[in-house]
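Undergrad: Have a look at this prediction, sequence included:
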Amino acid sequence: MLKRAVIVVQTHLKGLGLFQGNADGAASPALEAAVLAALQRRPGDMPSGGTTFSAKRREVTLFQLICKDKGIDCDPVDGFWGPVTQEAYERLVHLLDRGTLPPLWRDDEPSDANPHSWPRDTGNQAAMKAFYGPPAAGPTGRVQVPWKLRLAWDKSQVIKHISCHAKVEASLDRVLQKVHAHYGDAELKRLRLDLFGGCYAPRKKRGGSTWSTHAWAVALDWDPERNQLKMGRDRATLDARDYDFWWHAWEAEGWVSLGRSRNFDWMHVQAARL
Ligand SMILES: [Zn+2]
């Protein structure tokens with residue numbers, strides 16, 4: 001089980017007075033015994049034979065019950081860590097860290113709108129090349145940024161213009177204007193949307209042989225420090241409800257957030273479909 005989930009279980013057991021050790025995420029015989037004792041207290045909530053599960057499965061069972069106690073859907077309680085438990089874990093971490101549950105995934109699906117017919121970035125990237133031309137050819141358009149944007153890794157550098165592909169220029173300009181009109185300068189700064197991770201980059205996808213959408217200058221990265229490639233919505237900050245308008249503005253123009261669509265690389269938004 002994930003270390004953070006073990007800490008949740010340990011903290012729960014300490015609250016019940018069943019575990020005296022530190023909530024440090026480490027396995028121990030004392031922890032195993034406490035998990036069993038906690039499960040034995042609530043036979044009505046357990047699957048049949050639950051107390052005879054392996055120690056590992058008992059621990060996951062208790063974790064699932066803790067999620068349910070907090071009102072987080074985690075059925076069936078079976079001691080197996082599958083996608084439902086992973087989703088429950090991420091919601092629980094969000095609740096513990098920020099005091100509120102995240103909006104339900106299904107409440108706010110990414111939009112299918114694609115008014116400019118952005119090409120799909122799939123397979124051999126033929127559609128990307130047909131629409132945008134060869135990769136790594138340099139940006140051909142430029143958009144003025146309506147708020148004070150700074151380079152994420154060198155905040156003393158103010159970005160007044162974003163160099164992009166000419167074909168996304170008008171769309172990018174509309175998104176930035178709309179977002180600025182909605183949030184205003186102070187709120188954009190508070191939301192860390194004044195931290196820019198770049199647009200054009202003549203490189204391949206990380207860990208792959210195909211081109212990054214940045215190589216066509218049709219992708220932008222925002223607040224990369226808190227929305228790193230491998231962070232899911234349990235850790236990335238750009239999934240919070242405060243950013244709903246932000247994402248809806250991009251999606252109305254057909255741009256795709258990898259975070260909202262695939263739950264990784266939350267910094268990244270692109271004028272290319274999946
Ligand atoms: Zn990116």
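TA: Okay, I see it.
Undergrad: rest of the way, CA atoms for contacts and neighbours
TA: Will do.
Undergrad: For stretch 55-73, buried residues please.
TA: 55, 57-68, 72-73 (16 or more other C-alpha atoms under 10 Å).
Undergrad: List the contacts of it.
TA: Here stretch 55-73 makes contact (C-alpha atoms under 8 Å, 6 or more residues apart in numbering) with 1, 5, 8-9, 12, 32, 35-36, 38-39, 45-46, 50-51, 74-75, 77-81, 85, 88-89, 91-92.
Undergrad: which ones among these are found in helices?
TA: Those of the contacts of stretch 55-73 mapping onto helices are 5, 8-9, 12, 32, 35-36, 38-39, 85, 88-89, 91-92, per DSSP state H.
Undergrad: Return the member of these nearest to the ion.
TA: Arg91 (25.0 Å; C-alpha to the ion).
Undergrad: okay, now the closest one: neighbour count?
TA: Look at Arg91: counted by other C-alpha atoms under 10 Å, it has 22 neighbours.
Undergrad: quick one on the thing from earlier: now a ChimeraX select for only the buried ones of the ones in helices among the contacts of stretch 55-73.
TA: Of the ones in helices among the contacts of stretch 55-73, the buried ones go into a single ChimeraX selection, burial set by 16+ other C-alpha under 10 Å:
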select :5,8,9,12,32,35,36,38,39,85,88,89,91,92
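Undergrad: With distance to the ion and pLDDT as added columns, please give the ones in helices among the contacts of stretch 55-73 in TSV.
TA: Listed next are the ones in helices among the contacts of stretch 55-73 as TSV, based on distance: C-alpha to the ion, whole Å; pLDDT from 0 to 100:
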residue	distance to the ion	pLDDT
Ala5	30	96
Val8	33	97
Val9	36	98
His12	39	97
Glu32	43	97
Val35	42	97
Leu36	46	97
Ala38	45	97
Leu39	45	96
Thr85	29	90
Ala88	27	91
Tyr89	26	92
Arg91	25	88
Leu92	28	93
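Undergrad: nearest to Lys148, of the ones in helices among the contacts of stretch 55-73?
TA: Nearest to Lys148 among those, counting by C-alpha to C-alpha, is Arg91 at 33.1 Å.
Undergrad: The closest one against Asp234, yeah?
TA: Yes. Assessed by C-alpha atoms under 8 Å, Arg91 is found in contact with Asp234 at 6.9 Å.
Undergrad: Overlap of the contact sets of the two?
TA: With C-alpha under 8 Å, 6+ apart, Arg91 and Asp234 have no common neighbours.
Undergrad: what number of residues lie near the closest residue to Asp75 other than its chain neighbours?
TA: What sits nearest to Asp75 in space, not counting adjacent residues and going by C-alpha to C-alpha, 6 or more residues apart in numbering, is Val84, at 7.4 Å. Other residues near Val84 come to 15 when the count uses other C-alpha under 10 Å.
Undergrad: now do the one 10 residues further on
TA: Applying the criterion other C-alpha under 10 Å, we find 18 residues in the vicinity of His94.
Undergrad: Surely it touches Glu87?
TA: No. Between His94 and Glu87 there is no contact under C-alpha under 8 Å: 10.7 Å.
Undergrad: Which of the buried residues of stretch 55-73 fall within helices?
TA: 55, 57-68.
Undergrad: Looking at those residues, which one is closest to the ion?
TA: Nearest to the ion among these, with distances taken as C-alpha to the ion, is Cys67, at 33.2 Å.
Undergrad: now the closest one: how far from Ala88?
TA: From Cys67 across to Ala88, the span is 7 Å (C-alpha to C-alpha, to the nearest Å).
Undergrad: No further questions, thank you.
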